[in-house]
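> task: produce atomic coordinates for the following.
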Amino acid sequence: MFQCTFSIVDNVRDGLVIWINHKTTVRVFKSIDFDYKEPSCCRTFTVAQVAGLKPKDYVGKIQAKVVWLQAASKMVNVHGDMLELKECHVADDTKKIRLSLWEGLIGDVEEGVSYVLTNLAVRKGGELYLTSTKNTTIRVSEEEVLVPPSVAMLRLEVKQHEQEQEVEQEGLTTVQGPVCGVKLADQWQCSSCHKRQLTFNLKAINHRCEACDLLQRVGSYVQAANGTVMVNKGDVTLTLKLTSTVLMTYLSQNDLQELLSDVQLVEEHFFEVGVFENQYNANNVVVVVTTGNV
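Numbers count the residues shown, from 1 in each chain. Got it, this is the predicted structure:
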């Protein structure tokens with residue numbers, strides 16, 4: 001253990017700049033007694049322990065099962081940017097808590113599957129909940145997380161409540177008809193923090209993430225797309241919003257990921273197929289898209 005004196009020069013994005021010069025002194029201690037407490041960002045928590053944290057605390061790791069997953073994601077305005085958000089509930093044998101998943105992490109979870117989640121943050125909106133961060137990672141747990149019956153029963157109640165909300169509040173509607181217009185835009189997401197890049201040069205060799213500042217090869221970024229689609233419903237033309245999650249799910253289920261090499265190929269695919277069945281909510285955001293027949 002050692003102690004030194006130094007000068008703090010400036011605050012920077014990732015911490016402090018410290019100068020050590022000829023005036024710096026260092027004192028070495030062979031032993032010292034103190035109670036070390038591992039920071040929350042490095043610790044493994046149970047869900048019950050997370051409930052005892054404060055807003056803005058970080059959770060290093062939890063192992064939990066997704067006991068409820070929102071049927072559809074939604075677009076949320078965050079500091080002027082429209083970001084995709086999907087809610088879920090995770091639980092272990094101690095408790096259940098809400099988890100907000102953002103952007104590229106939305107498609108990484110399924111209901112009923114156990115996961116190991118790292119680098120989450122605690123927030124409060126009426127009650128404490130967890131949210132993903134730019135450093136969050138999600139992987140399937142090798143061991144199934146056992147959830148007590150009380151939480152399992154609550155899951156059924158939540159699902160029923162969600163279905164009622166979709167019908168009564170969101171007004172989930174199904175429309176089947178020919179596509180008469182489509183406009184999609186490329187999205188490139190950082191493979192590390194999953195944030196969208198506002199500017200991206202495919203011809204470059206490297207690209208520095210605009211969110212986490214990590215320099216990566218251009219090929220390591222994840223491509224996606226979103227936009228709008230116009231569908232004829234009788235004498236009425238509906239303009240519906242396609243999120244990247246819904247569109248990527250459709251392309252993946254139909255083995256059409258190669259179309260993303262040129263977003264216009266995806267647009268042309270919609271015209272070639274012609275008729276689609278879309279389920280959308282009261283905000284005209286598509287929840288599910290499948291091919292259909294008139």
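
> next, residue 203: secondary structure please.
With DSSP: H, G, I helix; E, B strand; the rest coil as the basis, residue 203 sits in coil.

> how many neighbours does it have?
5 (other Cβ atoms under 10 Å). Using the backbone N, CA and C atoms, a C-beta is placed for each residue, glycine as well.

> ok, it to residue 261 distance?
14 Å (Cβ to Cβ, to the nearest Å).

> before we move on, what about residue 211?
25 Å.

> do the same with residue 51
From residue 51 to residue 261 the distance is 46 Å (Cβ to Cβ).

> pick out whichever of residue 211 and residue 261 has more residues nearby.
residue 211 (15 against 10).

> for the protein, which residue is closest to the average position?
residue 102 (2.6 Å; Cα atoms, centre = their mean).

> and that residue, what's its pLDDT?
Looking at residue 102, its pLDDT reads 90.

> for the top strand by length along the chain, what is the distance to the chain centroid?
In the chain, with assignment by DSSP state E, the single longest strand is strand 173-189. Its chain's average C-alpha position is 21 Å from that of strand 173-189, according to Cα atoms, centre = their mean, to the nearest Å.

> ok, stretch 51-60 next?
That offset, for stretch 51-60, works out to 19 Å (Cα atoms, centre = their mean).

> also stretch 188-196?
10 Å.

> please apply the same query to stretch 223-237.
24 Å.

> in that stretch, what counts as buried?
Going by neighbour count (16 or more other Cβ atoms under 10 Å), the buried part of stretch 223-237 is 223-227, 229-231.

> now swap in stretch 117-124 and tell me
117-122.

> which parts of the stretch 51-200 of the chain are strands?
Along the stretch 51-200 of the chain, counting by DSSP state E, counting those that start in this stretch, strands occupy 58-69, 74-78, 81-91, 96-102, 114-125, 127-140, 173-189.

> dump the ones you listed to CSV, plus distance to residue 270.
What follows is these, written out as CSV (distance: least, Cβ to Cβ, whole Å):
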stretch, distance to residue 270
strand 58-69, 27
strand 74-78, 20
strand 81-91, 20
strand 96-102, 27
strand 114-125, 34
strand 127-140, 31
strand 173-189, 5
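
> between those, which one is nearest to residue 31?
strand 58-69 (27.9 Å; Cβ to Cβ).

> distance from the chain centre to the closest one, please.
On Cα atoms, centre = their mean, the centre of strand 58-69 falls 13 Å from that of its chain.

> and if you look at stretch 260-275?
26 Å.

> ok, the nearest residue to residue 141 once chain neighbours are set aside - contacts?
Spatially, and ignoring its direct neighbours in sequence, residue 141 is nearest to residue 114 (4.1 Å; Cβ to Cβ, 6 or more residues apart in numbering). By Cβ atoms under 8 Å, 6 or more residues apart in numbering, the contact list for residue 114 reads 63-66, 140-141, 143-145.

> helix or strand: which one has residue 276?
Take DSSP states H and E as the rule and residue 276 turns out to sit in strand 275-280.

> show me what that strand pairs with in its sheet, parallel or antiparallel.
Looking at strand 275-280 with DSSP bridges, its partner strands are strand 173-189 (antiparallel), strand 286-291 (antiparallel).

> and for that strand, what's in contact with it?
172-179, 229, 231, 240, 270, 286-294.

> buried ones among the residues you listed?
Buried, going by 16+ other Cβ under 10 Å: 172, 175, 177-179, 229, 231, 240, 270, 286-287, 289, 292, out of the contacts of strand 275-280.

> can I get those in CSV including distance to residue 186?
Listed next are those as CSV, based on distance: Cβ to Cβ, whole Å:
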residue, distance to residue 186
172, 29
175, 26
177, 26
178, 25
179, 20
229, 16
231, 22
240, 19
270, 16
286, 18
287, 23
289, 19
292, 26
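
> which single one of the residues you listed is nearest to residue 87?
residue 287 (14.1 Å).

> spatially nearest residue to that closest one (excluding sequence neighbours)?
residue 72 (3.9 Å).

> hmm, which two among the buried residues of stretch 117-124 are most spread apart?
Using Cβ to Cβ, the pair of the buried residues of stretch 117-124 lying farthest apart is 118 and 122, separated by 14.1 Å.

> mean pLDDT lowest where, among the strands paired with strand 275-280?
What stands lowest among those, in mean pLDDT terms, is strand 286-291, with a mean of 82.

> circling back: wait, the residue nearest to the centre of the chain sits on residue 132?
Yes: when contacts are counted by Cβ atoms under 8 Å, residue 102 is listed as touching residue 132 (5.3 Å).
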